[in-house]
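Visitor: no sequence on this one, just coordinates:
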């Protein structure tokens, strides 16, 4: 079975597809000046766009790994996430506090989905 890679450069592939499974690189906000609500909305929108490129959508999510800078932001993040995933059975999920590469990023999410 072939491995398909979409949006690659010298150091990263944004989307990898193998054996009917889509793996996304960590999705981060476009505007790092936003608060946790704004950054979460952007990250989730970026996930939606990447899943469409891969031929799937959030209803097919298998797992999500959430990296959040400040645990004080968890409730606001979770409210946005719950609204985004509403109407679908949520995937498995882990949430970890992390210092992200860009110190202004408040959240990064990695997901895996079926086609």
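Guide: That came through fine. All values reported here derive from a predicted model rather than from experimental measurement.

Visitor: mind checking which helix or strand residue 103 is in?
Guide: For residue 103, there is no enclosing helix or strand under DSSP states H and E.

Visitor: any idea how far it is from residue 69?
Guide: Distance check for residue 103 against residue 69: by C-beta to C-beta, to the nearest Å, it reads 8 Å. The C-beta positions use only the backbone N, C-alpha and C, and glycine is treated the same way.

Visitor: more neighbours, the two?
Guide: Ranked by neighbour count (other C-beta atoms under 10 Å), residue 103 and residue 69 place residue 69 first, with 19 against 9.

Visitor: now the nearest residue to the more buried one once chain neighbours are set aside: how far from residue 17?
Guide: Nearest non-adjacent residue to residue 69, counting by C-beta to C-beta, 6 or more residues apart in numbering: residue 106, 4.8 Å away. Computed as C-beta to C-beta, the residue 106 to residue 17 distance reads 29 Å.

Visitor: mind listing what's buried along the lengthiest helix in the chain?
Guide: The longest helix of the chain (DSSP state H) is helix 36-54. Residues of helix 36-54 classed as buried by neighbour count (16 or more other C-beta atoms under 10 Å): 36, 38-40, 42-44, 46-47, 50-51, 54.

Visitor: what would the residues you listed look like in CSV with distance to residue 29 and pLDDT?
Guide: Converted to CSV, the buried residues of helix 36-54 look like this (distance: C-beta to C-beta, whole Å; pLDDT from 0 to 100):
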residue, distance to residue 29, pLDDT
36, 10, 98
38, 7, 98
39, 4, 98
40, 8, 98
42, 4, 98
43, 6, 98
44, 10, 98
46, 8, 98
47, 12, 98
50, 14, 98
51, 17, 98
54, 20, 98
